[in-house]
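A.B. asks: quick check, what structure comes out for this input:
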Amino acid sequence: RPFADDLEPVDDWAAGDVRVLVGLKTARTGDTLVARDGERAKAHRRGDASAVLPGAPLEPDPPVFAAAVEPRAEVDRPDLEAALEVLSRDDPSLRLDRGDDDGFVLRGMGELH
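C.D. replies: Numbers count the residues shown, from 1 in each chain. This next block holds a predicted model:
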């Protein structure tokens with residue numbers, strides 16, 4: 001259970017609870033966890049989930065902020081691109097575009113992005 005910058009381990013939760021899960025390789029923002037029998041879980045115990053159903057695509061508001069992002073050195077470009085792609089995949093309101101000079105442009109909802 002998340003509390004600011006601290007986590008409290010729990011063994012169960014109910015629908016609507018906010019929890020932090022690690023190790024879900026294919027789950028994405030908006031996906032729904034389901035119980036082993038395929039029904040949407042009303043309550044969950046550790047080990048009960050067996051599948052992830054893709055959620056309906058989220059339609060975020062259009063970006064209002066843009067920032068150019070460049071690697072410190074050209075050798076860092078592939079790592080930077082991979083990291084930016086993960087960020088934009090996990091946050092539907094964050095967009096990654098290519099600039100005219102092969103740089104990256106991040107577009108989001110504000111400077112806090």
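A.B. asks: residue 93: how many residues sit nearby?
C.D. replies: Other residues lying near residue 93 total 17 when counted by other C-beta atoms under 10 Å. For glycine as for every other residue, the C-beta is placed from the backbone atoms N, C-alpha and C.
A.B. asks: surely residue 83 is in a helix?
C.D. replies: Yes. Counting by DSSP: H, G, I helix; E, B strand; the rest coil, residue 83 is located in a helix.
A.B. asks: ok, it to residue 24 distance?
C.D. replies: In this view, residue 83 and residue 24 are 19 Å apart by C-beta to C-beta, to the nearest Å.
A.B. asks: repeat that for residue 104.
C.D. replies: 27 Å.
A.B. asks: ok, now residue 68?
C.D. replies: 32 Å.
A.B. asks: kindly report the same for residue 8.
C.D. replies: Taking C-beta to C-beta, one finds residue 8 at 19 Å from residue 24.
A.B. asks: show me which of those two is the more surrounded one.
C.D. replies: residue 24 (11 against 8).
A.B. asks: any idea which helix or strand carries that one?
C.D. replies: Under the criterion DSSP states H and E, no helix or strand holds residue 24.
A.B. asks: who's in contact with the residue most central in space within the chain?
C.D. replies: The chain has residue 90 as the residue nearest its centroid, 2.4 Å off, counting by C-alpha atoms, centre = their mean. Residues near residue 90 by C-beta atoms under 8 Å, 6 or more residues apart in numbering: 28, 29.
A.B. asks: cool, residue 106 as well?
C.D. replies: With C-beta under 8 Å, 6+ apart, residue 106 has these contacts: 66, 67, 69, 84, 87, 88, 94, 95, 96, 97, 113.
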